[in-house]
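> return a 3D structure for these sequence lines:
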Amino acid sequence: MVVVEAREYCFWHVTAGFDSNHSLETRKRVRFLTLRFGSEYSSEIPSKSLRPSTENLNFWATHLPFSSSGVTAMDSFNILKGYGKVDPVDEQPPFLPGTRRRSVLIAVSFLAILLLTLTIGFLVGALIHESATESAESSRLTSDLTESIRAVCSVTENPDYCFSSLSPVYGWMRPDPESILKLSLVVSVKELFNASLFVKQLRKTSDEVLTANSNGALWVCETQLEDALSRLNDSVAAMEAAPGTVVLTEVKISNIRTWVSAAMTDQETCLDGLEDRESAIFNEVRVKLQRSKDLMSNNLAIVAHMKELLDKFEMDMH
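Numbers count the residues shown, from 1 in each chain. This is a model prediction of the structure:
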């Protein structure tokens, strides 16, 4: 028996109808197209024969009229035996788009975390470097400022007192004579203000204790100290400069020297009025005014030697 090779295509068509008992029966029409012979065959198979088995295949082989065109029942059986076999390609798992998308998301997340970690590490390193640099710079400036204050105070009559009055309050400032002079003037204003306030409070609270003459002397002292305080404030204001302009000029130096000298004269007038007063109260006033006088003397000495100090620091007078 010769088996004729033919490529068969099978189509299943489901139909419904009533059998002899008037019950609904489902039938499936199997249509085979034989491309080689160009013929078409069809046969109705009961629904019970839907699953391919040996019994069903034998049933199909006896019911399909393939032998009329040269294809034997055994040929049909051989053809049907191949039906239902799965192509190896069909057994491969279907491609899941979500799997690739999940892989991409994981990769992107990893790169983002890595980039964030590197960025944070870079910022922390930069901050540590900047902090160390600022610390070293601050230490250098502090050392330079200390030496600068000593150099400026060296022109005064009492360099040690000058340095001790400025070193606790200088904070951060430029280590140059202009900045140190301004600081010295501010310290003098503060000390003179405290002395003036003490005299004012003393006069108000001691009216019943002091004689009229002593009370009058305190009033004159209070007035002189207010004038001296006003002149020192003018000196501090002269040290202010707009951005892009010079701080000290020949005119400013001359004005500051005049104002500081006048403030010292006002304070001397106050002390002269208290010279003959022998009491603990007046002694305390004299002690406070003496500290203020020494500070203003330092200011006057620094102003008088400003050109020399600027040359020492390689700065110019404008």
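> what sits closest to Leu295 if chain neighbours are left out?
Ser188 (4.2 Å; C-beta to C-beta, 6 or more residues apart in numbering). Where you see a C-beta, it was placed from the backbone N, CA and C, and this is true even at glycine.
> try Glu178
Nearest non-adjacent residue to Glu178 (C-beta to C-beta, 6+ apart): Val247, at 4.8 Å.
> mind checking which helix or strand that neighbour is in?
Using DSSP states H and E, Val247 sits in no helix or strand.
> residues in contact with it?
Glu178, Lys182, Met239, Ala241 (C-beta atoms under 8 Å, 6 or more residues apart in numbering).
> if I look at the second one, what pLDDT would I see?
I take that to be Lys182. You'll see Lys182 listed with a pLDDT of 93.
> in three-state terms, label it for me.
helix (DSSP: H, G, I helix; E, B strand; the rest coil).
> what's the separation between it and Asn299?
Distance, Lys182 to Asn299, using C-beta to C-beta, to the nearest Å: 10 Å.
> so the two - more neighbours on which side?
Shown here are Lys182 and Asn299; by other C-beta atoms under 10 Å, Asn299 has more neighbours (26 against 20).
> for the more buried one, what is the enclosing helix or strand?
Going by DSSP H and E, Asn299 is part of helix 280-304.
> keeping just the C-alphas, turn the next helix or strand after that helix into CSV.
Using DSSP H and E, the helix or strand that directly follows helix 280-304 along the chain is helix 306-312. Presented in CSV, the C-alpha positions along helix 306-312 are these (Å, rounded to 0.1, in the frame of the first residue of the first chain):
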residue,chain,number,x,y,z
MET,A,306,47.7,105.9,61.4
LYS,A,307,49.9,106.8,58.3
GLU,A,308,52.8,105.0,59.9
LEU,A,309,50.7,101.9,60.7
LEU,A,310,49.2,101.8,57.1
ASP,A,311,52.7,101.8,55.7
LYS,A,312,53.7,99.0,58.0
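> for helix 306-312, packing partners?
helix 97-153, helix 177-205 (3 or more C-beta pairs under 8 Å, 6 or more residues apart in numbering; DSSP states H and E).
> between those helices, which one is closest to Arg231.
helix 177-205 (9.7 Å; C-beta to C-beta).
> circling back to that earlier point, and the helix holding Asn299, which residues are buried?
Within helix 280-304, the residues scored as buried using 16 or more other C-beta atoms under 10 Å are 281-282, 285-286, 288-289, 291-303.
> now stretch 228-238
Within stretch 228-238, judged by 16+ other C-beta under 10 Å, the buried ones are Ala228, Leu229, Arg231, Leu232, Asn233, Asp234, Ser235, Val236, Ala238.
> just to revisit the earlier point, just the buried residues out of the contacts of Val247, in PyMOL syntax.
Per 16+ other C-beta under 10 Å, the buried members of those correspond to this PyMOL selection:
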select buried, resi 178+182+239
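> for the contacts of Val247, which one is nearest Ile106?
Among those, and counting by C-beta to C-beta, the member closest to Ile106 is Ala241, at 62.3 Å.
> the closest residue to the closest one other than its chain neighbours and Ala151, how far apart?
In space, and not counting its chain neighbours, Ala241 is closest to Val247: 4.5 Å by C-beta to C-beta, 6+ apart. For Val247, the distance to Ala151 equals 18 Å [C-beta to C-beta].
> ok, back up a step: closest to Lys312 out of the helices and strands packed on helix 306-312?
Judging these by C-beta to C-beta, what sits closest to Lys312 is helix 97-153, at 6.8 Å.
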